[in-house]
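Enquirer: Here is my input; please provide its structure:
(chains A, B, C and D)
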There are 2 protein chains.
Amino acid sequence: MTLERKRPDMVTIADVATHAGVALSTVSYVLSGKRAISADTRRRVLASIDALGYHPHAGARALASRRANVIALVLPLRAGMHVPVLMQFATSVVTSARQFEHDVLLMTADEGPSGLRRIAASALVDGIVAMDVEMRDARVPVLRTLERPSVLIGFPADAHGLTCIDLDFHLAGRACVEHLAGLGHRDVALLGAPEVVYLRDTGYAHRTREGFLEAAEDLKVNAVAEPCGEHAAGINATLEALLAARPELTGLVVHNEAAVGHVLAALARLGKRVPEDISVVAICPDEVAERSHPALTSVLVPADEVGRQAVDLLMRKLDGEAVPESTLLPPQLTVRESTAAA
Amino acid sequence: MTLERKRPDMVTIADVATHAGVALSTVSYVLSGKRAISADTRRRVLASIDALGYHPHAGARALASRRANVIALVLPLRAGMHVPVLMQFATSVVTSARQFEHDVLLMTADEGPSGLRRIAASALVDGIVAMDVEMRDARVPVLRTLERPSVLIGFPADAHGLTCIDLDFHLAGRACVEHLAGLGHRDVALLGAPEVVYLRDTGYAHRTREGFLEAAEDLKVNAVAEPCGEHAAGINATLEALLAARPELTGLVVHNEAAVGHVLAALARLGKRVPEDISVVAICPDEVAERSHPALTSVLVPADEVGRQAVDLLMRKLDGEAVPESTLLPPQLTVRESTAAA
DNA sequence: TCGGCCCTTCGAAGCGCTTCGACGTCCGGG
DNA sequence: CCCGGACGTCGAAGCGCTTCGAAGGGCCGA
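Expert: Here you go, the predicted structure:
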């Protein structure tokens, strides 16, 4: 009876063993490489495996080995922020994880703490990568109590005892000012994230601003930092006010992916030519910078690299290795058409 | 010895059974509801479950029940297209899947056919949702041969025997023309996807164009459809040429999320006021339309709804139910500030 | 020639769960 | 008063895999 109920298409390790004329455990060892197997046997087993189209049953493997070979990728609750960058993180994490023979489970944070506990306790995943972590992120305290290792992309207020990785936004802010100052600009402004983002104490927004202001002070450049909405109307108003208040302004740093296009449009509308009248540096993905007109000098958020390294760190933790608590990637500024000497 | 090696934090169903003073199988039945359990026993078992913080082991469950309670979400190989919409699909799929007690495994198509075969054969997932399917999508033939059910978001050239769902782009194209014609416009143009997208035979681009042209013919409106790049420079050129060739043009349909902003900027630069001189309808997510200046009349891609229904269809297939081969969601046009009577 | 060792392979015992058949118990109808 | 059925619960047999201890065979040195 049992035979009839079986899915006929499920090839098990036992089938492979029979086909190859070896013991079931031998097949397992060929697959895992945990014991020496003679070259001849290995060859026979491998031949049988692909003759039969065998794929190990993930559940059975997880049960027996106590390793699911899956990691979780946790999106922030409030998506919609940095969407394209998030997507880059995600694909980069997936690709990197596959390199380590792991798959990726996608979670949104809207299940709350219990969601994280569930996947951790159910052994669905071996470890967790949390994306777009904020200063006082609700996920952080939960992650701390979990027995499973985790890596955060972004820095919470208290990163102690965690493993965090991100672009060094502080240096990114500096880099923009240094570039502008190097071109002779003495009066610059930062258009940052929307106000709510600062109020939420989002780490990268604050750190960029600090780096920006600090560098300006060091280099004796006049500087202001303004929050910046993402809607065309608000941006127009902000920019108009800014230019009215500081007619000397010749350098602009935009740290707001969604606003970049509108800022350029607004400048055009206000009769400011880029880069002749005003130089613009953006902190955004390369595609956005390249697609703009004129192409923008920019510091890119190296999402691929961040994702790759996040997985790397997690794998090392899974192997019981000690890893640095914080990893900051140096910013890299690409000069394009939107900046020129003052 | 075995006792020492055990992870001390793994609570099993046996622990729960002991704690509640019932048989292991009784706990299982309480959890699954597959057999009647007295109210009293059920209460005791549930109490023990959360006293101990029990979570069923996903692997064990998958092994015994032959159901992983996980579905795969497969991104197209070439991401970066419709990024924000993709993200909406993804979060919507995750949320909906959780409603059915399922988790979501994120795959990119760059592992190729063998990747799909692997997750299917390894019983890692019960079913598959493929996002952003194109006319001649490499994933489609593979999905056809898999024993696991799948649902496609988007339509391949031959959808026979598959389950597909998408916005009805044909009707969307029509709706835009009908709206403009209703306002008295007699000369309209469609700015569509980049040329390469048409060459790749991407379904939605073609279908939108067909619907657009067909409706124009029905309504006796002059119409042209042009592919459209995503870079500011190209868009400027395209638009300039278009306006030069057709000075009568008063209606524009933009089906290209990335280009929307540039189109508006270009119109401004060319001295065309929206909507006074020219009316603009976009096919894009609401946020993009709302964030533009002026806010755009648009047909939205109902990503949430598509994701939700895709999961729904998949769940029904998993339950052995028959489902329609194709589901087309009616477009919905929202009037905002960018269209006015001719 | 023989014991001992290494190299390779085997068998069996779980991993934690679902599910099937069986076993009381308690009820109502004949 | 007894029998047939529900109803509620239990025990045991796997699901497909990993892993541990041990067995078999060839080779070496004594």
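
Enquirer: In the stretch 51-200 of chain A, mark out all the strands, start to finish.
Expert: Assigned by DSSP state E, counting those that start in this stretch, the stretch 51-200 of chain A shows strands spanning A:70-75, A:103-108, A:127-130, A:150-153, A:164-167, A:187-191.

Enquirer: Export these to JSON lines and append columns for mean pLDDT and distance to residue B:53.
Expert: The way it works is simple: take the backbone N, C-alpha and C, and place the C-beta from them, glycine included. Compiled in JSON lines, the strands of the stretch 51-200 of chain A are given as follows (pLDDT from 0 to 100; distance: least, CB to CB, whole Å):
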{"stretch": "strand A:70-75", "mean pLDDT": "96", "distance to residue B:53": "19"}
{"stretch": "strand A:103-108", "mean pLDDT": "96", "distance to residue B:53": "19"}
{"stretch": "strand A:127-130", "mean pLDDT": "97", "distance to residue B:53": "18"}
{"stretch": "strand A:150-153", "mean pLDDT": "97", "distance to residue B:53": "19"}
{"stretch": "strand A:164-167", "mean pLDDT": "96", "distance to residue B:53": "27"}
{"stretch": "strand A:187-191", "mean pLDDT": "95", "distance to residue B:53": "47"}
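
Enquirer: Enumerate the residues of the stretch 151-300 of chain A near chain B.
Expert: A:230-233, A:236, A:258, A:261-262, A:264-265, A:268-269, A:287, A:290-293 (CB under 8 Å from any CB of the partner chain).

Enquirer: out of those, which are buried?
Expert: By neighbour count, with 16 or more other CB atoms under 10 Å in any protein chain shown, those hold A:230-232, A:236, A:258, A:261-262, A:264-265, A:269, A:291-293 as buried.

Enquirer: between those, which is closest to DNA strand C?
Expert: In terms of CB to the nearest atom of the strand, no member of these lies closer to DNA strand C than residue A:258, at 44.7 Å.

Enquirer: Low-confidence ranges, the stretch 201-342 of chain A, go.
Expert: A:201-202 (pLDDT under 70).

Enquirer: Do you have the helices of it handy? List them.
Expert: Counting by DSSP state H, counting those that start in this stretch, the segments of the stretch 201-342 of chain A that form helices are A:203-218, A:232-245, A:260-269, A:286-291, A:303-318.

Enquirer: export the first one as PDB, just CAs?
Expert: Meaning helix A:203-218. Taking Å, rounded to 0.1, in the frame of the first residue of the first chain, the C-alpha atoms of helix A:203-218 are listed here in PDB:
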ATOM      1  CA  GLY A 203      21.500  56.000  11.000                       C
ATOM      2  CA  TYR A 204      22.800  56.600   7.500                       C
ATOM      3  CA  ALA A 205      21.000  59.900   7.100                       C
ATOM      4  CA  HIS A 206      22.500  61.200  10.300                       C
ATOM      5  CA  ARG A 207      25.900  59.900   9.600                       C
ATOM      6  CA  THR A 208      26.000  61.400   6.200                       C
ATOM      7  CA  ARG A 209      25.000  64.700   7.500                       C
ATOM      8  CA  GLU A 210      27.600  64.600  10.200                       C
ATOM      9  CA  GLY A 211      30.400  63.700   7.800                       C
ATOM     10  CA  PHE A 212      29.200  66.400   5.500                       C
ATOM     11  CA  LEU A 213      29.200  69.200   8.200                       C
ATOM     12  CA  GLU A 214      32.400  68.000   9.800                       C
ATOM     13  CA  ALA A 215      34.300  68.100   6.500                       C
ATOM     14  CA  ALA A 216      32.900  71.500   5.700                       C
ATOM     15  CA  GLU A 217      34.100  72.800   9.000                       C
ATOM     16  CA  ASP A 218      37.500  71.200   8.500                       C
END
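
Enquirer: Relative to DNA strand C, how far out is the most centrally placed residue in chain A?
Expert: Centroid-nearest residue in chain A: residue A:89, 3.7 Å away (criterion: CA atoms, centre = their mean). Look at residue A:89 and DNA strand C: by CB to the nearest atom of the strand, to the nearest Å, they are 32 Å apart.

Enquirer: show me the contacts for that residue.
Expert: Residue A:89 sits next to A:131, A:132, A:153, A:303, A:306, A:307, A:310 when contact means CB atoms under 8 Å, 6 or more residues apart in numbering or on different chains.

Enquirer: Of those - the most surrounded one?
Expert: residue A:310 (29 neighbours; other CB atoms under 10 Å in any protein chain shown).

Enquirer: just checking, that residue touches residue A:150?
Expert: No: counting by CB atoms under 8 Å, residue A:310 does not reach residue A:150; the two are 9.9 Å apart.

Enquirer: what's the overlap in contacts for these two?
Expert: Common contacts of residue A:310 and residue A:150 (CB under 8 Å, 6+ apart): residue A:129.

Enquirer: follow-up on the earlier one: please convert the helices of the stretch 201-342 of chain A to TSV, extending it with distance to DNA strand D.
Expert: TSV is the format used below for those (distance: least, CB to the nearest atom of the strand, whole Å):
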stretch	distance to DNA strand D
helix A:203-218	39
helix A:232-245	56
helix A:260-269	49
helix A:286-291	41
helix A:303-318	13
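
Enquirer: Could you dump these into a markdown table with distance to residue B:141 added?
Expert: Below are the helices of the stretch 201-342 of chain A laid out as a markdown table (distance: least, CB to CB, whole Å):
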| stretch | distance to residue B:141 |
| --- | --- |
| helix A:203-218 | 43 |
| helix A:232-245 | 45 |
| helix A:260-269 | 39 |
| helix A:286-291 | 31 |
| helix A:303-318 | 30 |
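
Enquirer: end-to-end on stretch A:133-146?
Expert: 17 Å (CA to CA, to the nearest Å).

Enquirer: who's in contact with it?
Expert: With CB under 8 Å, 6+ apart as the criterion, stretch A:133-146 contacts A:74, A:76-77, A:109, A:112-113, A:116-117, A:120, A:128, A:130, A:150, A:152-158, A:161-162, A:164, A:200-203, A:206.

Enquirer: In it, which residues are buried?
Expert: A:133, A:134, A:135, A:137, A:139, A:140, A:142, A:143, A:146.

Enquirer: Mind picking the two most distant members of those residues?
Expert: Farthest pair in the buried residues of stretch A:133-146 (CB to CB) is A:135 and A:146. Separation: 20.1 Å.

Enquirer: Kindly report the residues of the stretch 1-150 of chain A close to DNA strand C.
Expert: By CB under 7 Å from any atom of the strand, the residues of the stretch 1-150 of chain A that approach DNA strand C are A:1, A:21-26, A:29, A:35-38, A:40-42, A:60, A:63-64.

Enquirer: These also near DNA strand D: which ones?
Expert: Restricting these to contacts with DNA strand D (CB under 7 Å from any atom of the strand) yields A:24, A:25, A:29, A:60, A:63, A:64.

Enquirer: In the residues you listed, find the pair that's most separated.
Expert: That would be A:29 and A:63, which, of these, are the farthest apart (CB to CB) at 18.2 Å.
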